[in-house]
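[1] build me a model from this:
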Amino acid sequence: MSWRMSAVLAVSLALFTCGILAVLQANDRKTRPPADADVPTPFSGTLLMKDISDITVASKHVILCGATFAKPAGMISLVSDAARQRFPPQMVTCKPVGLGTPCDGIVAPRLNKSIVAQCFTKDGADLAEQLIRQGFLCGQPEKSRGNYRPC
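    Numbers count the residues shown, from 1 in each chain. The predicted structure follows:
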């Protein structure tokens with residue numbers, strides 16, 4: 001192999017390696033969340049209930065801190081319909097776990113893609129407390145320092 005051919009191969013190999021490294025770094029930047037992505041921040045938006053266990057606020061999936069659906073699975077449709085009638089789309093403000101909720105230090109701030117939060121209606125009422133009081137959800141006192149009563 002000639003000296004020229006070796007030089008061309010060496011330069012080609014160096015350029016190829018640089019190209020691969022650039023692609024890998026670009027992909028790493030795209031997949032890595034920003035450093036402040038795990039810092040909880042309050043958010044507000046329209047409350048929507050697809051069903052009683054599928055709640056969204058401002059297009060974010062929300063699990064209400066200290067409350068759960070504990071009735072037989074066959075009742076979810078009936079309970080969801082009644083809850084949607086009682087709580088139509090409305091503005092609510094939510095504070096994620098870690099910002100002074102009854103669940104701070106007991107439950108994680110996220111469950112899969114859902115944010116665990118305490119949400120309030122525009123008149124300041126705790127949404128979980130209202131849903132529990134009206135029988136749509138059950139309180140989990142062990143996860144809310146006793147703030148919500150169990151069924």
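[2] could you use CA atoms for every contact and neighbour count after this?
    Fine.
[3] give me the number of residues near Leu24?
    11 (other C-alpha atoms under 10 Å).
[4] cool, and Asp126?
    Neighbour number of Asp126 under other C-alpha under 10 Å is 17.
[5] gap between it and Arg133?
    Distance, Asp126 to Arg133, by C-alpha to C-alpha, to the nearest Å: 11 Å.
[6] repeat that for Cys119.
    From Cys119 to Arg133 the distance is 15 Å (C-alpha to C-alpha).
[7] neighbour count winner among these two?
    For Cys119 versus Arg133, neighbours defined as other C-alpha under 10 Å are more numerous around Cys119 (27 against 16).
[8] can I get whichever strand or helix holds the more buried one in PDB, CA atoms only?
    Cys119 belongs to strand 114-121 when elements are defined using DSSP states H and E. What follows is strand 114-121, C-alpha atoms only, in PDB (Å, rounded to 0.1, in the frame of the first residue of the first chain):
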ATOM      1  CA  SER A 114     -48.200  11.000  36.300                       C
ATOM      2  CA  ILE A 115     -47.600  13.800  38.800                       C
ATOM      3  CA  VAL A 116     -48.700  13.100  42.400                       C
ATOM      4  CA  ALA A 117     -50.200  16.400  43.500                       C
ATOM      5  CA  GLN A 118     -52.700  18.200  45.800                       C
ATOM      6  CA  CYS A 119     -55.100  20.200  43.700                       C
ATOM      7  CA  PHE A 120     -57.400  23.000  44.600                       C
ATOM      8  CA  THR A 121     -60.500  24.400  42.900                       C
END
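[9] ok now that strand, how far from the chain's centre?
    Its chain's C-alpha centre and that of strand 114-121 lie 9 Å apart, by C-alpha atoms, centre = their mean, to the nearest Å.
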